[in-house]
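Asker: how would this look folded up:
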Amino acid sequence: MKSTRMGLVLLLVAFAAAAQTPVQDRAGREQAIQSGQQRAGMAYSNLQQAQREAKLAEKEFLNAQEAQRAAQKQAEEMKRQLDGAKKAVDAARQKEARAREAYDEALDNVDRARQR
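Answerer: Down below sits the predicted model:
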């Protein structure tokens with residue numbers, strides 16, 4: 001009889017413990033779910049912020065790329081102008097050299113004419 005009572009007491013203790021476990025598990029699960037939802041919400045906010053930053057960075061990149069293209073076109077135009085100016089200077093120097101030769105030849109002719 002004592003062992004039956006003892007078995008009944010142990011059985012009641014086991015049932016009581018088993019009955020409390022689901023409540024504790026449920027509370028723990030709910031807390032884990034709530035914590036997970038909070039982490040997911042923060043992660044989603046971080047994702048949205050990262051998407052906004054990526055869009056902004058892409059716009060800045062495209063603007064810089066367009067500015068670089070415009071600067072490149074301007075540099076090419078300035079290079080063409082520079083090359084044209086250099087050709088004009090070279091042509092002018094050649095013309096000056098030919099004029100100097102003609103002048104020197106004319107002076108030589110004058111000197112020769114005087115010596116005759």
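
Asker: now residue 113: how far from residue 25?
Answerer: According to Cβ to Cβ, to the nearest Å, residue 113 and residue 25 sit 128 Å apart. Quick note: C-beta positions are derived from backbone N, CA and C, even for glycine.

Asker: in three-state terms, label residue 55 for me.
Answerer: Assigned state for residue 55: helix (three-state reduction, DSSP: H, G, I helix; E, B strand; the rest coil).

Asker: okay, now it: neighbour count?
Answerer: Neighbour count for residue 55, taken as other Cβ atoms under 10 Å: 10.

Asker: likewise residue 30?
Answerer: The number of residues packed near residue 30 is 10, by other Cβ under 10 Å.

Asker: so which helix or strand takes in it?
Answerer: In this assignment (DSSP states H and E), residue 30 forms part of helix 2-115.

Asker: does that helix pack against any helices or strands, and if so which?
Answerer: Using 3 or more Cβ pairs under 8 Å, 6 or more residues apart in numbering; DSSP states H and E as the contact test, no helix or strand touches helix 2-115.

Asker: can you tell me the average pLDDT over that helix?
Answerer: Averaged across helix 2-115, pLDDT comes to 88.

Asker: distance of residue 39 from residue 33?
Answerer: Counting by Cβ to Cβ, the gap from residue 39 to residue 33 is 11 Å.

Asker: check residue 96 too.
Answerer: From residue 96 to residue 33 the distance is 92 Å (Cβ to Cβ).

Asker: now swap in residue 50 and tell me
Answerer: Taken as Cβ to Cβ, the span from residue 50 to residue 33 is 25 Å.

Asker: roughly how far apart are residue 97 and residue 49?
Answerer: 70 Å.

Asker: distance of residue 87 from residue 36?
Answerer: With distances taken as Cβ to Cβ, residue 87 is found 75 Å from residue 36.

Asker: likewise for residue 63?
Answerer: Distance, residue 63 to residue 36, using Cβ to Cβ: 40 Å.

Asker: ditto for residue 102
Answerer: Taking Cβ to Cβ, one finds residue 102 at 97 Å from residue 36.

Asker: again, but for residue 57
Answerer: Counting by Cβ to Cβ, the gap from residue 57 to residue 36 is 31 Å.
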